[in-house]
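Asks: sharing a model prediction with you, sequence too.
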Amino acid sequence: MRLKTFVWLCLLPLAVVVLAFFVLPMVRLMIVGGSGPQGLAAYAAILTEPRYRATLINTVVLATATTIVSLVIATIAGLFLQRTRFPGRSVLVAMLTFPLAFPGVVVGFMIILLAGRQGLIGELTLPVLGEKLVFAYTIQGLFLGYLYFSIPRVILTIMAAVEKLDPSLEEAARALGAGPWAVHRDVILPALGPAFVASGAIAFATAMGAFGTAFTLATNIDVLPMLIYTEFTLSANIAISAALSVGLGLVAWAVLALARSFGGNSVAAAG
Amino acid sequence: MNGQVHGYHGVAVRIAGCGKTFGDGTRALEPVSLDIARGETLVLLGPSGCGKTTLLRMVAGLETPDSGGRIFFNDADVTHVPIEQRNVGMVFQSYALFPNMNVADNIAYGLKFRGTSAQERTARVAELVALTGIEGLEHRRIDQLSGGQRQRVALARAVAVRPSVLLLDEPLTALDAALRERLRSELNRLLRTLGITAIYVTHDQAEAMALGDRIVVMRKGAIAQVGAPRDIYFAPASRFVAEFVGAANILEGVSSSGTLTLRGGRLAIEKTSVEGPALAMVRPESIAIVAAGNASLTGEVTSVSFVGDRQRLSVSGAADRTIMVDVPNTLMVKAGDRVGLSVDPSAIRLLPKGEA
Amino acid sequence: MRDRLIFSGQLLFTLLIAAFLIVPAALSMLAGVTANYFRGISSGFTLQWIVQVWDLYADTIGRSFLIAGTTLIVTLVIGVPAAYALHVRGGRTSRAIEEIITLPLAIPGLAIALALLLTYNGFSDFRRSWLFILTGHVVFTLPFMVRSVMAIFSAIDVKTLDESASSLGASPLRRFLDVIVPNARPGILAGSLMVVTLSLGEFNLTWMLHTPLTKTLPVGLADSYASMRLEVASAYTLVFFVMIIPLLIAMQMFATWGEVRK
């Protein structure tokens, strides 16, 4: 057979599967989102309904805080690990990237072990403060959980970017008299800019869509994925949950498209 | 670039017994000692891996010499002074311009650490822009510049801080041939104008001879010869130097009371203490073609290459190997001709035998 | 001196972060084999919790392997030829198709699951079987396989290989089987490791799509975190780690081996 025919045949199974199990369902989701009792207004509900708006703000604030803190942590640790060599370094790197494969539920469990009612932190603070510090099921615990799955992802990207830095730029700055802080401020951090945007966007999108962690930890906290879940399963507000899902999907996609325009190769959003 | 003299000459640099062994055991440089005069342009010339860049980086302060080595700027021992405080001007092979700053900010960068005011910086940038001929480019971003323009910005940036010594690491290597030649003469003029002490690293011998007051030929981590360009060219100390700097015929013969005996005849040579088997170096342009009849040395032309401004002949039979001869491009000669070779005795140089 | 201080400070900071990540994981692994978590190691080691996990959740473990294995086969059969087609065709339609198959990475699993539910709820047999979960996993892991294989195609310049094979007279199918696929092995292997690891750990999609009869390991984990005692939940997590760690090590070794070969 001709090459062209063969190529089309190669593409066919993929096309069928993706159309049937992704494109079609997504279209249906968008339609359902706009066909409930409120009609297309359901799409605006995320901003107009006070409860939904509060949830949205919660989620965005949490995601932003996670992004910023993990970027700072990853930059300090990433620069250090990439540029120094000492015995046990590769073990340390492995330890920091190992949680990459954890599903969100496991991350939630990790936080419970750290900060839950029988958690490690509680045991440690009992003799010191006279009471157990328990915060796994609060927003601080959730934040910690988000950090837990963001740090490995961001560190990997940052370390890869640090490896590609051109040392002659730093040498030139030093030759001109720049001290270590000036070299970081004027040469290194600007050069890492694209990596910050790329990995920051991935961290943000992942945090926005994180379900497993919130599911395990959040009893009272409202984040968008949990809201979608409860609207669907408990309140049977199918249209609203569909509309919210579409909205969440759009935001996540837009942020990641931005990441790609800076050349970042995405690690999956999974949490 | 204009010809104003800027009135500072930099420092005299003394390198005393500096060698470099890297962490993994590689010996990049055997201990070397050099004295560089104030205002001199010294060229470090050699093939890759010879240690020239390592030596330059030690003077810069980017590498420290093995224990026992010392570096002096005038009389001050700067061996343990970090590069940030050494006040050197460095031009990198890749230019290392800061992509997050425009041209003017790049040039002014070093001045910020020297307690200058914004006005002083602006004035100085303008001075250097004029000196290096990049007027109009001050607000361009680095990625908008051509290779030649970037080179000038790198130079301007290094010179802006009035460095004690200017260090250039193969600054022209990244450019294409035509641009390289043009910038080479501009660079030469700039170095003369500034009158600054400069150390220049290159593997290009034409560049070395055009720019250097003295040349240090290096090989495998050690100095092969130090001297003015003419001395290096006409009186190479070893076979390696002879062949690295320009084309050279290295012939085996026997030296005896003013005569060099080769396979195909004899040549008169200058008085020398070398007697017996010897290696003789003769440059292709020093050999003239004469009629075979009366010549003391004859051979047969095996090939003729018309190169444009001259012809290069291969002559066999005169010596143990084929001799290269450069002749005028108008000379009528063809393969198969029997010719005589005539060389001025002063152009024949006897070299030490037995060299790896 | 100042350099020493900076080094120590950074080291301490990094160790702290690593501790934050590793200590709970280590704790959970320990708790899974400790007789009583609250009394600590002094209460002795035991395998009773693991046995209990097996009694309660053996089916989830098996099902996770089943789904991961099937997902792998499906993504191989669909993804490898498609990667070839996309690479050979190039151009704007290929870019667009790549965009579309990569979308599931951007859209939260929750949304995709909801979409699938709304569309296929009517097909009750399908919806109640593990095949329903399979479709979710395939949609989610497909882009990894396709991208991994396409990456190796560009690295080995598959177009030239294809052209030389065709000049020798081989039909497109023969070229694909004899030349293209064998040379793409590193990419296929890397993609496979990725697909299996992702499928074993997938939760967001699976939670929405599962029924009491089609639970996977992560779904079971969520169950146990909510309702089981700490030791059982930890033992279950330990089982998960034991499944995942060899895969992670294999991926890491594969990545560095690929680097060395370059």
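Replies: Ah, there it is. Note that the coordinates shown come from a computational prediction; the quantities given were computed from them, not determined experimentally.

Asks: who touches whichever residue of the stretch 101-250 of chain B sits closest to chain A in this structure?
Replies: Among all residues of the stretch 101-250 of chain B, B:G110 sits closest to chain A, at 3.2 Å; criterion: C-beta to the nearest C-beta. All C-beta spots, glycine's among them, are computed from the backbone N, C-alpha and C. Counting by C-beta atoms under 8 Å, 6 or more residues apart in numbering or on different chains, B:G110 touches A:A175, A:L176, A:G177, A:A178, B:R157, B:A160, B:V161.

Asks: quick one: the second one and B:F113 touch, right?
Replies: Yes. A:L176 is in contact with B:F113 according to C-beta atoms under 8 Å; the separation is 6.9 Å.

Asks: those two - which one has more neighbours?
Replies: Higher neighbour count among A:L176 and B:F113: A:L176, with 30 against 16, using other C-beta atoms under 10 Å in any protein chain shown.

Asks: quick one: the helices in the stretch 151-262 of chain C, in order.
Replies: C:158-167, C:172-175, C:181-183, C:185-201, C:204-209, C:217-227, C:230-261 (DSSP state H, counting those that start in this stretch).

Asks: residues contacting the third one, please?
Replies: Helix C:181-183 is contacted by residues C:V80, C:I156, C:V158, C:L161, C:I188 when judged by C-beta under 8 Å, 6+ apart.

Asks: so which of the residues you listed wins on neighbours?
Replies: Result: C:V80 is most packed of the contacts of helix C:181-183 (other C-beta under 10 Å), 23 neighbours.

Asks: possible to save the contacts of helix C:181-183 as CSV with pLDDT?
Replies: Shown next, in CSV, are the contacts of helix C:181-183 (pLDDT from 0 to 100):
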residue, pLDDT
C:V80, 94
C:I156, 81
C:V158, 82
C:L161, 83
C:I188, 91
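
Asks: returning to what we had before: got the contact list for the closest residue to the residue of the stretch 101-250 of chain B closest to chain A other than its chain neighbours?
Replies: Nearest residue to B:G110, sequence neighbours excluded (C-beta to C-beta, 6 or more residues apart in numbering or on different chains): A:L176, at 3.2 Å. Residues near A:L176 by C-beta under 8 Å, 6+ apart: B:Y109, B:G110, B:F113, B:R157, B:A158, B:V161.

Asks: in the stretch 201-350 of chain B, which residue sits closest to chain C?
Replies: B:H203 (27.4 Å).

Asks: up against chain A, what does the stretch 251-356 of chain B have?
Replies: Neighbours of chain A within the stretch 251-356 of chain B, by C-beta under 8 Å from any C-beta of the partner chain: none found.

Asks: picking up where we left off before, can I get the contacts of helix C:181-183 in JSON lines including distance to chain B?
Replies: As requested, those are exported to JSON lines (distance: C-beta to the nearest C-beta, whole Å):
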{"residue": "C:V80", "distance to chain B": "39"}
{"residue": "C:I156", "distance to chain B": "30"}
{"residue": "C:V158", "distance to chain B": "33"}
{"residue": "C:L161", "distance to chain B": "34"}
{"residue": "C:I188", "distance to chain B": "37"}
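
Asks: tell me the pLDDT of the residue nearest to the spatial centre of chain C.
Replies: Centroid check for chain C by C-alpha atoms, centre = their mean gives C:L198 as the closest residue, at 1.5 Å. On pLDDT, C:L198 comes in at 91.

Asks: what's the neighbour count on A:A173?
Replies: 25.

Asks: same check on C:L12?
Replies: Count around C:L12 with other C-beta under 10 Å applied: 10.
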